[in-house]
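>>> can you look at this prediction? I've put the sequence above it.
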Amino acid sequence: MRGNTRDKGAYMKLSVLILLDMGKDYDEIELILGIGRGTITNCRHKYDKDGLDKYLDRHYVPFSGKLSPEALQAIEKQVSEGIYCTSQEVQAYILQAFGVEYSLSAVRSILQKLDFVYKKTSELPGNVDTSEQEAFLVEFEPFLEEITENEVILFADAVHPQHNTRSSYAWIKKGQDKLIPSNTGRRRININGAMNAHHPEEVIIHEADTINAEATIALYDKIQQRYADKERIYVIGDNARYYRNTQLQAWLTENPRIIQVFLPPYSPNLNLIERLWKLLRKKCINTHFYPDFKDFRKTVPTF
């Protein structure tokens, strides 16, 4: 019976009987099974009194969780719609809402079963209009698919890497710190860039002292040269002033191949090139130390 059971409690109870039948004393059984003398005594008395069937009967029902499917759905909805930064907060919600007290490890298991993972939140501007974003995507996604061979779509934006390291997550030995040298200055470089929506490995950049209308015109000139075979070049960007500057608009009138498309206000999450800038910071800036600004200025634009 012991060899066929998967129940740890039954395995232990049967082991007590087997060891007693083998003539082992209580001290030996305590040592072998790692249980207390009182547990051994209770096992013996219950077996002598009730027989084997009742001895093993724990009135056990396979564990399906203390929470109903409806309660789990409620937890999923609550955590999805709210911001819960710790397992303790979810634990407190479950206790308050359903009167069930779980350990923190059990709470984490519940969250994992509900397909939650623990990761950083993403920033979203407070003035964003999600309905406007959704309306933009409804029109843009078909346009992205229907583009012809004589057209190209680019996402454009500027980035301003600062000559300094940034703290980031890393695997560090418990009880120790990992120190990364940093600079005290605030020098930075200004890069205006554009990324091909269908071939994001194609990136065009222009470095400037200041990102303004002149710097944007210089970038657009590079874009026209790079895509000289295209009849129309759609450049999707945010609502920065230099994109709407009268000087740039006059230049666009003389260069009609480039057509600007503006994202809804406060929508960096819709600009594909923002993901490239995030990767740039991760790979070249966050945990990298450049003692000399010249090295920094040389490395970043070649990423």
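Alright, I've got the coordinates. Remember, it's a predicted structure, so these values are computed and weren't measured experimentally.
>>> dump the residue contacts of Arg257.
Residues near Arg257 by Cβ atoms under 8 Å, 6 or more residues apart in numbering: 224, 230-233. Just so you know, the C-beta spots here come from the backbone N, C-alpha and C atoms, and that holds for glycine as well.
>>> isn't Ala71 right up against Tyr102?
No. Applying Cβ atoms under 8 Å, one finds Ala71 not in contact with Tyr102, separated by 11.7 Å.
>>> state the mean pLDDT of stretch 258-273.
On average, the pLDDT along stretch 258-273 is 92.
>>> same deal with stretch 95-103?
For stretch 95-103, the mean per-residue pLDDT is 87.
>>> and for stretch 212-221?
If you average the pLDDT over stretch 212-221, you get 95.
>>> then stretch 53-61?
Stretch 53-61 comes out at a mean pLDDT of 70.
>>> quick one on the thing from earlier: return the subset of the contacts of Arg257 lying in strands.
Taking DSSP state E as the definition of strands, the contacts of Arg257 contribute 232-233.
>>> nearest to Thr39, out of the contacts of Arg257: which one, please.
Thr39 lies nearest to Ile233 out of the contacts of Arg257, by Cβ to Cβ, at 78.8 Å.
>>> weed out the non-buried ones from the contacts of Arg257.
230, 233 (16 or more other Cβ atoms under 10 Å).
>>> mind putting the contacts of Arg257 in JSON lines, distance to Thr210 and pLDDT included?
As requested, the contacts of Arg257 are exported to JSON lines (distance: Cβ to Cβ, whole Å; pLDDT from 0 to 100):
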{"residue": "Gln224", "distance to Thr210": "22", "pLDDT": "96"}
{"residue": "Lys230", "distance to Thr210": "29", "pLDDT": "95"}
{"residue": "Glu231", "distance to Thr210": "32", "pLDDT": "94"}
{"residue": "Arg232", "distance to Thr210": "29", "pLDDT": "95"}
{"residue": "Ile233", "distance to Thr210": "24", "pLDDT": "96"}
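>>> got a markdown table for the contacts of Arg257, with distance to His206 too?
Shown next, in a markdown table, are the contacts of Arg257 (distance: Cβ to Cβ, whole Å):
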| residue | distance to His206 |
| --- | --- |
| Gln224 | 12 |
| Lys230 | 19 |
| Glu231 | 23 |
| Arg232 | 21 |
| Ile233 | 15 |
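>>> okay, now Leu72: neighbour count?
Leu72: 15 surrounding residues under other Cβ atoms under 10 Å.
>>> which residue, other than its chain neighbours, is closest to it?
Of all residues not flanking Leu72 in the chain, Leu114 sits nearest, at 6.8 Å (Cβ to Cβ, 6 or more residues apart in numbering).
>>> quick one: that neighbour from Lys173, how far?
Leu114 is 33 Å from Lys173, where distance means Cβ to Cβ, to the nearest Å.
>>> just to revisit the earlier point, count the neighbours of the residue nearest to Leu72 for me.
Residues lying near Leu114 (other Cβ under 10 Å) number 13.
>>> more neighbours: Ala71 and Tyr102, which one.
Tyr102 (19 against 15).
>>> look up how far Lys113 lies from the more buried one.
12 Å.
>>> then Met22?
Using Cβ to Cβ, Met22 is found at 42 Å from Lys113.
>>> repeat for Arg241
Using Cβ to Cβ, Arg241 is found at 49 Å from Lys113.
>>> centre of the chain versus stretch 37-47, how much separation?
With Cα atoms, centre = their mean, to the nearest Å as the basis, stretch 37-47 stands 51 Å off its chain's centre.
>>> flag every buried residue along it.
Along stretch 37-47, these residues count as buried under the neighbour rule (16+ other Cβ under 10 Å): 40, 43, 47.
>>> I'd assumed Tyr26 was in contact with the first one.
It stands for Ile40. Yes. Ile40 lies in contact with Tyr26 (Cβ under 8 Å); the separation is 5.5 Å.
>>> mind listing the strands for the protein?
According to DSSP E, the strands that the chain contains are 151-159, 190-196, 203-208, 232-237, 258-262.
>>> relative to Ile285, which of those is closest?
The closest of the strands of the chain to Ile285 is strand 151-159. By Cβ to Cβ, the value is 10.3 Å.
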